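> Mind folding the following:
(one chain, ligands or ions: 1)
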Amino acid sequence: MLSLQECRRILDVMPEASLEDARAAYRNLVKVWHPDRHMRDAELHRAAEAKMKRINVAYATLCSALARGKAEVPAPPPPEAPVEAAAPPPEPDTRELVFLDCAECGKDAMVPFQPRGDRPVYCSDCFSRVRSNSSGGF
Ligand SMILES: [Zn+2]
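Reported below is the predicted structural model:
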């Protein structure tokens, strides 16, 4: 079994040669080395036969490798394919809770934001009451 490198050397093609390049190179080599062309010289004829055998093997090996390689080229992934990055774990709901006194009843009020100071802060009870009272305004 010839290595692909050897096959290319025998066929005299570039490493990036396509199937068509290999075929063209093979045709040229057959023209040169076909044993029928060397009938007058027995030694040359024998050499040509040996050469043709190697060329045939090299061509068959390279062709099947190229054909197989073509079939095995994986399709590029579609650009919108989801990236398989591990999603960060959902953050525990510990947004900065701010503890304040309810502006309405004075109880501890816990709000998930830093109050800006221009709005009163209510505990949840008072907040829902205040909101329902002012619902008409929205
Ligand atoms: Zn309150």
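> Read off the pLDDT value for residue 81.
Looking at residue 81, its pLDDT stands at 56.
> Name the residues of stretch 115-129 that are buried.
In terms of neighbour count (16 or more other Cβ atoms under 10 Å), stretch 115-129 has its buried residues at 121, 122, 123, 126, 127. Every residue, glycine included, has its C-beta placed from N, CA and C.
> Would you mind measuring from residue 104 to the ion?
Residue 104 is 4 Å from the ion, where distance means Cβ to the ion, to the nearest Å.
> any idea which element that residue lies in?
Using DSSP states H and E, residue 104 sits in no helix or strand.
> residue contacts, the closest residue to residue 13 other than its chain neighbours?
Excluding its sequence neighbours, the residue lying closest to residue 13 (Cβ to Cβ, 6 or more residues apart in numbering) is residue 25, at 4.7 Å. Residue 25 sits next to 11, 12, 13, 17 when contact means Cβ atoms under 8 Å, 6 or more residues apart in numbering.
> Put the alpha carbons of the host helix or strand of residue 25 into CSV.
Assigned by DSSP H and E, residue 25 belongs to helix 19-33. Output in CSV follows, covering the C-alpha atoms of helix 19-33 (Å, rounded to 0.1, in the frame of the first residue of the first chain):
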residue,chain,number,x,y,z
LEU,A,19,-9.2,14.3,-8.7
GLU,A,20,-9.1,16.0,-12.2
ASP,A,21,-5.4,16.9,-11.7
ALA,A,22,-4.6,13.4,-10.8
ARG,A,23,-6.5,12.1,-13.8
ALA,A,24,-4.7,14.4,-16.1
ALA,A,25,-1.3,13.5,-14.6
TYR,A,26,-2.1,9.8,-14.9
ARG,A,27,-3.1,10.2,-18.6
ASN,A,28,0.3,11.9,-19.3
LEU,A,29,2.2,9.2,-17.5
VAL,A,30,0.4,6.5,-19.4
LYS,A,31,1.4,8.2,-22.6
VAL,A,32,5.0,8.1,-21.5
TRP,A,33,5.2,4.8,-19.8
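> Give me the mean pLDDT for the helix of greatest length in the chain.
Longest helix in the chain by number of residues (criterion: DSSP state H): helix 42-72. For helix 42-72, mean pLDDT is 89.
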